[in-house]
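**Q** I'd like to go over a predicted model; first the sequence, then the structure.
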Amino acid sequence: MSINKNRIAGAGKQVAGATREAAGKLVGDKSLELSGKVEKTAGKVQSAVGKATAKIKDRAKK
């Protein structure tokens, strides 16, 4: 399966979101924690889109 921009960007968002979420928990900032969770979820969705796109392209090549 090929890697595309959505999968890479999604993984980056997941890492950034997890970091922001952890920082929010550490300092007790619920807003920061929530924004981290949102970003992490958006990254998971973007990664899933990239994975689906790659599968479709791989199947089209066969």
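**A** Sure, I can see it.

**Q** All the helices of the chain, in order from the start?
**A** With DSSP state H, the ranges of helices along the chain come out as 5-27, 30-61.

**Q** For Val45, which non-adjacent residue is spatially closest?
**A** Gly10 (7.3 Å; CB to CB, 6 or more residues apart in numbering). Just so you know, the C-beta spots here come from the backbone N, C-alpha and C atoms, and that holds for glycine as well.

**Q** pretty sure that neighbour is touching Ser47, no?
**A** Yes - Gly10 is within contact range of Ser47, at 3.1 Å (criterion: CB atoms under 8 Å).

**Q** Name the spans of this protein whose pLDDT lies under the cut-off.
**A** Low-confidence segments of the chain (pLDDT under 70): 1-2.

**Q** Tell me which residue lies nearest the centroid of this structure.
**A** Gly43 (1.7 Å; CA atoms, centre = their mean).

**Q** Surely that residue touches Arg7?
**A** No - Gly43 is beyond contact range of Arg7, at 10.1 Å (criterion: CB under 8 Å).

**Q** hmm, back to that, please report the distance of the residue nearest to the centre of the chain from Ile8.
**A** 10 Å (CB to CB, to the nearest Å).

**Q** How about Arg20?
**A** For Arg20, the distance to Ile8 - CB to CB - is 19 Å.

**Q** same question, Gly24
**A** In terms of CB to CB, Gly24 sits 25 Å off from Ile8.

**Q** again with Gln46
**A** On the measure of CB to CB, Gln46 and Ile8 end up 9 Å apart.

**Q** So Ser35 sits against Ala18, correct?
**A** No - counting by CB under 8 Å, Ser35 stays clear of Ala18, with 11.9 Å between them.

**Q** quick one, what contacts Ile56?
**A** By CB atoms under 8 Å, 6 or more residues apart in numbering, the contact list for Ile56 is empty.
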